[in-house]
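**Q** heads up, no residue letters with this:
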Ligand SMILES: Nc1ncnc2c1ncn2[C@@H]1O[C@H](COP(=O)(O)OP(=O)(O)OP(=O)(O)O)[C@@H](O)[C@H]1O
Ligand SMILES: [Mg+2]
């Protein structure tokens, strides 16, 4: 027991610290842009002209149908022959953004379609252009309604960032694996790594709930 | 602008949905300060006609002149013209996610590009005009039908329109709430606002209208000043309709 605590304190935590930082970097780079992609793709699907809508639909189909790990492999190993070489970090962030964008766009699209047609009619009657109506009236309502589903995608993404170590971006899971192998301390290591994810997910959950409450409006 | 250029001139508007010709050649004019009232049975194309005026629906044929300028084929600029034509809907269509004051503000900020301070001042002024200042921070879901409709009138008025289009503004309200909305509309009419009103409120029509149009099956069957329409309409259909509506919507007119 004492032994375990000493290992955790002296060897494990210092090693995980850096990895945790990298995990957070992945999360903070992927989530906002993933959301933006999700919003744009959903908007393109509902309000775009038919080529744009088709493009957005194809994008969603492709990235929903591809396992995330395979997607990372395709970007990391498949692009260099085409002259595009990305670092493990860029590869991971790109993969996560594309994946998150595809999934969250589905929730946002559903929410856009649930906004009553009269909202857009009223916006246009006041002299707003169609796109002003979309961005100032429809999307704010849709985003609030999509938030619970989009929030779940954010939570998934937090956990999926662990895949980055497979293409050699040593985030917290990767760092844990290295320490565990070096010291033959698998149990302690993965319990601690698990707790780290639990902490991140709990904090994210709390923030999302607060945001949901802040953004909700009567009668939504 | 010469004095006799009408604010609105509607010329031979036609509109079909599929095989159904809903508006079949409607023409009329509205001079500055006039109130023109449309009455008629359900499904005769009154709402469609109003939407053809501000191009929320594109007419198949015909022209709309706003202060002498043709706007049916203005494509890219239609949102500029719509600012000049306030519209009030039967079901309010308030922006659900915004408080009352922000409902009024949003088009001032995004369309008129006012500063926050200007927009807030103007919005509060408009709320004051319809007696809604104390509800400034309420959301639409927290308002009664009458309050909602007054708010939607304030929202349209905030754009300083040259003409207001009302599509059955009291039809979805409980009878005891129609009065407060009609009061606002009477005050507007008295203040010189140019208005086109679709309504079943015969009391209001009789009091406010310079001219009443009886619409039937997509056409104006007959029209005239209220005194004429209420006492000696030419067509039996018109007389029967007015009689029925007058019985249904017996609205006292105490404040002429
Ligand atoms: N977007 C649309 N697509 C297809 N049909 C439509 C559309 N809008 C209206 N209609 C049809 O056109 C006809 C006229 O409708 P409109 O709403 O203009 O009548 P109205 O005179 O306003 O009736 P009410 O008094 O019930 O409001 C109706 O038969 C309606 O079903
Ligand atoms: Mg109607």
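**A** Perfect, I can see it now. Remember, predicted model here, so these are calculated numbers, not experimental data. Ligands and ions are numbered 1, 2, ... in the order given.
**Q** residues touching the nearest residue to residue A:169 once chain neighbours are set aside, list them.
**A** In this structure, residue A:169 finds its nearest non-sequential neighbour in residue A:88, 3.8 Å apart by C-beta to C-beta, 6 or more residues apart in numbering or on different chains. Backbone N, C-alpha and C define where each C-beta goes, glycine included. Counting by C-beta atoms under 8 Å, 6 or more residues apart in numbering or on different chains, residue A:88 touches A:76, A:164, A:167, A:168, A:169.
**Q** longest helix in the chain, please.
**A** Defaulting to chain A. Secondary structure of chain A per DSSP state H: the longest helix is helix A:13-47.
**Q** that answer is for a different chain, and I need it for chain B
**A** Secondary structure of chain B per DSSP H: the longest helix is helix B:175-190.
**Q** which other helices and strands contact that one?
**A** Applying 3 or more C-beta pairs under 8 Å, 6 or more residues apart in numbering or on different chains; DSSP states H and E, one finds that helix B:175-190 contacts helix B:145-157, strand B:195-198, helix B:202-208.
**Q** go ahead and flag the most central residue of chain B.
**A** Central residue of chain B (C-alpha atoms, centre = their mean): residue B:166, 1.6 Å from the mean position.
**Q** backbone torsions only: list them for residue B:35.
**A** When read as degrees, to the nearest 10, the backbone of residue B:35 gives phi -120, psi 120.
**Q** report the separation between it and residue B:194.
**A** Plainly put, residue B:35 is 8 Å away from residue B:194 if you go by C-beta to C-beta, to the nearest Å.
**Q** and those two? which has more neighbours close in?
**A** The neighbour count for residue B:35 versus residue B:194, taken as other C-beta atoms under 10 Å in any protein chain shown, is higher for residue B:35 (25 against 22).
**Q** hmm, back to that, can I get the helices and strands packed on helix B:175-190 in a markdown table including mean neighbour count?
**A** A markdown table is the format used below for the helices and strands packed on helix B:175-190 (neighbours: other C-beta atoms under 10 Å in any protein chain shown):
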| stretch | mean neighbour count |
| --- | --- |
| helix B:145-157 | 25 |
| strand B:195-198 | 24 |
| helix B:202-208 | 22 |
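**Q** how about those in a markdown table, adding distance to chain A?
**A** Compiled in a markdown table, the helices and strands packed on helix B:175-190 are given as follows (distance: least, C-beta to the nearest C-beta, whole Å):
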| stretch | distance to chain A |
| --- | --- |
| helix B:145-157 | 7 |
| strand B:195-198 | 14 |
| helix B:202-208 | 22 |
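**Q** ok, back up a step: you'd agree the residue nearest to the centre of chain B is in a strand?
**A** Yes: counting by DSSP: H, G, I helix; E, B strand; the rest coil, one finds residue B:166 located in a strand.
**Q** about what we covered before: near chain B at all, the longest helix of chain A?
**A** No: interface with chain B: helix A:13-47 contributes nothing (C-beta under 8 Å from any C-beta of the partner chain), its closest point being 15.7 Å away.
**Q** still on that earlier bit, bridge partners for the residue nearest to the centre of chain B, pull those for me.
**A** Using DSSP bridges, the beta-bridge partners of residue B:166 come out as residue B:88, residue B:197.
**Q** of the contacts of residue A:88, buried ones?
**A** Among the contacts of residue A:88, the ones that count as buried by 16 or more other C-beta atoms under 10 Å in any protein chain shown are A:76, A:164, A:167, A:169.
**Q** next, the contact list for the last one, please.
**A** Neighbour list for residue A:169: A:22, A:26, A:88, A:89, A:91, A:92 [criterion: C-beta under 8 Å, 6+ apart].
**Q** among the residues you listed, who's most crowded?
**A** The most crowded member of the contacts of residue A:169 is residue A:92, carrying 30 neighbours; neighbours defined as other C-beta under 10 Å.
**Q** show me where chain B has its strands.
**A** For chain B, the strands defined by DSSP state E cover B:8-17, B:20-30, B:35-39, B:61-66, B:69-70, B:85-88, B:163-167, B:195-198, B:211-216, B:219-224.
**Q** show me which residues of the stretch 101-250 of chain B are close to chain A?
**A** Checking the stretch 101-250 of chain B against chain A by C-beta under 8 Å from any C-beta, the hits are B:106, B:107, B:110, B:111, B:139, B:140, B:141, B:142, B:152, B:155, B:156, B:159.
**Q** how near is the closest residue in space to the fifth one that isn't next to it in sequence to residue B:193?
**A** What that stands for is residue B:139. Nearest residue to residue B:139, sequence neighbours excluded (C-beta to C-beta, 6+ apart): residue A:218, at 4.4 Å. Separation of residue A:218 from residue B:193 (C-beta to C-beta) stands at 31 Å.
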